[in-house]
Structures are given as structure tokens and as C-alpha cells.
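[1] can you look at this prediction? I've put the sequence above it.
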Amino acid sequence: MGQRAMRTLKTLAALGAVLAAATSCGDVVRNGRAPVQLVINSIQAAPGGGHGANQFVGFLLSDVLVLLTSPAPCTADNPCPTIYDDSGQAQLTIVPKDLGSGSTPIAPSQSNAVTITRVHIKYTRADGRNVQGVDVPYEFDAAATATVNSATTAVPIVFELVRHAAKEEPPLMQLETSPSIINTIAEITFYGTDLVGNAVQATGTIQVNFGNFGDS
């Protein structure tokens, strides 16, 4: 094979590598095209039943089993074991990547509005024991929709933070008959697009402790 042919093959190989790299980075580049950033101002959570039901606070005591004493046929002598899912709530805003100057700040326009379409929840433990279905519940996607169009007025979005099914699977189902507590950090990622289709996302965290807590 001549030197010219060898040079041609090397050139084609180099071009192929560049194209492959560009393709793999496409999502990252597209996400960077949005002129605004999604900001998570706060995340709160509320148990679906039991003590503190539907009251949003800065961390979650997720009760794996609630013993209902009412209404009938549930009584104090014969309570009804019940499983609830738990909810999360976030306050979201958007800010321009180009903030402008102090005298002439840039505010997001209506075309910069971001519509949230999906929420992803993943649980981790500080001790590094993170096998899903063994040490922590499985991660999952939740459906949620909200449009965020302001840098000053936060938009609330409510989503499912702990599924019913998670409390019927290991490792949470074992907590029904155990005094143990599983302490986790829920990593919550919001995915959306602006009005021209640019991908936008942001991630926040909240403490979630799983156990069979006392009912009141």
C-alpha cells in the first residue's frame, strides 16, 4: 500500500473519531444552548399518611407501614395496615446565563420559559452501600409538568418522591417488622425544554429516612 493511501486511511480514521465524539457530546451541547438556567430554590417533602401527613417540610420521615384506626372497620384494637406513597415539592425559577450589567440586568423573556416534563429520583446512602433493591429503593422516573418563566416568582411543582411499590419491595418491606432505619439522600433531577426545544435540567437533594415509625 502506497504512502498516499496510508495517509488517506489515517485521515478518514481521524475524521471518524471526531464525528463519533461530536455525536456523543450532542446532548451536552444541546443542553448548553438554552439561554437560561433552571434553578431549584427549595425542595420539601411530605408523608402520604400517618404522622405529619401532607405537611411539607425540609426532610422526609417515610413510614413504610401506617396502622389506621379509623374509619370503620379500622379500630384501635384492629388497625388496618396501610401503605402510602410520599410526595415532594420543589420551587423553581429560571435565570439568564447572561445576567447583563448591574445597571441593565437581563430578565428572561416568555420565549425563555422552561416546561418541566420529567422528574428522576435516585436514592443513595452516605455509607456507600447503594445496591438498589438491597440497600436502597430502586431509582425511577416520575411524570410532572410545570412551566417556569420567571427569575423572581418561583413556580411550585409537586411530584411522587417515594412510590407505593418501593414500600412493598426490598429493602423497605423488611422495615415493617424491624426497628432499623435506612437513611438516604434522594437526588432529584428535573428535566425540561425551553420553547425552542433546548434541553434544560437541574438537580437537587433532600434527606429521606425510611422506617416503621410510630403512628398517632
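    Yep, it's here.
[2] N54: what's it in contact with?
    Neighbour list for N54: 46-48, 87 [criterion: Cβ atoms under 8 Å, 6 or more residues apart in numbering]. Where you see a C-beta, it was placed from the backbone N, CA and C, and this is true even at glycine.
[3] how near is it to A151?
    Applying Cβ to Cβ, to the nearest Å, the value for N54 to A151 is 30 Å.
[4] can you dump the C-alpha atoms of the host helix or strand of I206 in PDB for me?
    Using DSSP states H and E, I206 sits within strand 199-211. Taking C-alpha atoms only, strand 199-211 is exported to PDB below (Å, rounded to 0.1, in the frame of the first residue of the first chain):
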ATOM      1  CA  ALA A 199     -32.900  20.700  26.900                       C
ATOM      2  CA  VAL A 200     -32.700  22.100  30.400                       C
ATOM      3  CA  GLN A 201     -32.100  20.200  33.700                       C
ATOM      4  CA  ALA A 202     -31.300  20.800  37.300                       C
ATOM      5  CA  THR A 203     -30.500  18.500  40.300                       C
ATOM      6  CA  GLY A 204     -31.200  18.900  44.000                       C
ATOM      7  CA  THR A 205     -31.300  16.700  47.100                       C
ATOM      8  CA  ILE A 206     -33.300  16.100  50.200                       C
ATOM      9  CA  GLN A 207     -32.900  13.800  53.200                       C
ATOM     10  CA  VAL A 208     -35.300  10.700  53.200                       C
ATOM     11  CA  ASN A 209     -35.300   8.400  56.200                       C
ATOM     12  CA  PHE A 210     -37.200   5.100  55.900                       C
ATOM     13  CA  GLY A 211     -38.600   3.200  58.800                       C
END
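[5] I'd like the mean pLDDT over it, please.
    For strand 199-211, the mean per-residue pLDDT is 98.
[6] who does it pair up with?
    Sheet pairing for strand 199-211, assigned by DSSP bridges, gives strand 60-63 (parallel), strand 182-194 (antiparallel).
[7] average pLDDT across the longest one?
    The average pLDDT within strand 182-194 is 97.
[8] what's across from the residue most central in space within the chain in the sheet?
    Centroid check for the chain by Cα atoms, centre = their mean gives I188 as the closest residue, at 2.2 Å. Here I188 sits in beta bridges with I121, G204, going by DSSP bridges.
[9] just A46 next, same as before
    S87.
[10] now it: how far from T75?
    26 Å.
[11] cool, H120 as well?
    41 Å.
[12] ditto for T115
    From T115 to T75 the distance is 47 Å (Cβ to Cβ).
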